[in-house]
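[1] A predicted structure for the sequence below; I have some questions about it.
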Amino acid sequence: MTPFKKPFIAGNWKMHNGPLAARDFFGRFLTAYAASPDRTIVFFPPAISFGAAQGAVAGRPDVELGVQNIHWEEKGAFTGEISAKLGHDAGAAFALVGHSERRALFGETNEDTARKTRAALAAGLTPILCVGESLEEREAGNAGAVVETQLAAVLDGLDADTAAKLVVAYEPVWAIGTGRTASPADAEELHVRIRAILIDRFGADVGGATPILYGGSVKPDNAAGLLAAREVDGLLVGGASLDPEGFAQVCAATG
Ligand code: 13P
């Protein structure tokens, strides 16, 4: 974590917490986590619970909301999908794009991720672009190359002004939902590489300022260690963001 940067902590609920559970969660989370101007907190509830989450955080402008997935078209006959514009109209500020579960389970390609990123930016949503290698790719020594290819597919279409609105999340697939967290040193190695790519493409002002989050089995007891690693500007948390008190601890962690 670079000292002047504001930690960015995000909770991705995935397919958990309907509207009632979302209200219950925030009743407890907002009691356990006191508003703090020195960090950004964002939740990604399932779309069906977005309104309930919004109502529950209404008195807490320090807590922002995003959507877990968007379609790249603005509107149309796409049953089951939501567009970036619909997310924005509903009050979302962020959208996850390129999450490894979307890539692995729903067949999303780098090109799909690039289109979604452009759609999010055009609609005024901040995309959180997720990249990360599988265990097989890591063991073959290809982690850096895989991440670089995933990034290039999206960054190729962006100029520096647009890229200034991007957030990147490094989520190694082998660490997601497995309880096997990347060590701070593992995370640092890839974060430093991602930072170099961003600076190389967009210059130090933009590339140096893009928040780079780490995700994969983050828990209250490893959050501070990860945040202390170089170029780790925040955390993208799955399972541990479902526990209000535990996630409050993650949100308050300092690196
Ligand atoms: P876990 O924290 O459950 O490993 O999930 C990480 C993740 O995929 C966040 O988007």
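    Sure, I can see it. Numbering: from 1, shown residues only.

[2] Tell me who's in contact with the residue of the stretch 1-150 of the chain found nearest the ligand.
    Per Cβ to the nearest ligand atom, Asn12 is where the stretch 1-150 of the chain lies closest to the ligand, at 3.7 Å. The way it works is simple: take the backbone N, C-alpha and C, and place the C-beta from them, glycine included. Counting by Cβ atoms under 8 Å, 6 or more residues apart in numbering, Asn12 touches 44, 68, 96, 99, 215, 236-238, 241.

[3] ditto for Leu235
    7-10, 213-215, 218, 223, 226-227, 250.

[4] swap the cut-off to 10 Å and go again
    Applying Cβ atoms under 10 Å, 6 or more residues apart in numbering to Leu235 gives the contacts 7-11, 169, 187, 213-216, 218, 222-223, 226-227, 241, 250-251, 253, 255.

[5] what about it, is that helix, strand or coil?
    When classified by DSSP: H, G, I helix; E, B strand; the rest coil, Leu235 comes out as strand.

[6] Identify the bridge partners of it.
    Counting by DSSP bridges, Leu235 is bridged to Ile9, Tyr214.

[7] residue boundaries of the helices in the stretch 51-200 of the chain?
    Residue ranges of the helices in the stretch 51-200 of the chain, as given by DSSP state H, counting those that start in this stretch, are 84-90, 100-106, 110-123, 135-139, 143-155, 160-163, 184-207.

[8] As TSV, the ones you listed with mean pLDDT would be great.
    Output for the helices of the stretch 51-200 of the chain, formatted as TSV (pLDDT from 0 to 100):
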stretch	mean pLDDT
helix 84-90	98
helix 100-106	97
helix 110-123	98
helix 135-139	95
helix 143-155	97
helix 160-163	95
helix 184-207	97
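
[9] CSV please, covering the ones you listed and showing mean neighbour count and distance to the ligand.
    Output for the helices of the stretch 51-200 of the chain, formatted as CSV (neighbours: other Cβ atoms under 10 Å; distance: least, Cβ to the nearest ligand atom, whole Å):
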stretch, mean neighbour count, distance to the ligand
helix 84-90, 19, 17
helix 100-106, 16, 7
helix 110-123, 20, 14
helix 135-139, 15, 14
helix 143-155, 19, 15
helix 160-163, 15, 21
helix 184-207, 18, 13
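
[10] could you dump those to JSON lines with distance to Ala52?
    Shown next, in JSON lines, are the helices of the stretch 51-200 of the chain (distance: least, Cβ to Cβ, whole Å):
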{"stretch": "helix 84-90", "distance to Ala52": "12"}
{"stretch": "helix 100-106", "distance to Ala52": "23"}
{"stretch": "helix 110-123", "distance to Ala52": "22"}
{"stretch": "helix 135-139", "distance to Ala52": "36"}
{"stretch": "helix 143-155", "distance to Ala52": "31"}
{"stretch": "helix 160-163", "distance to Ala52": "32"}
{"stretch": "helix 184-207", "distance to Ala52": "33"}
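
[11] closest to Phe26 out of the ones you listed?
    Phe26 lies closest to helix 84-90 among these, at 16.8 Å (Cβ to Cβ).

[12] thinking again about what came up before, look up phi and psi at the residue of the stretch 1-150 of the chain closest to the ligand.
    Per-residue torsions, Asn12: phi -100, psi 110 (degrees, to the nearest 10).

[13] From Trp72, how far out is it?
    Using Cβ to Cβ, to the nearest Å, one obtains 20 Å as the distance from Asn12 to Trp72.
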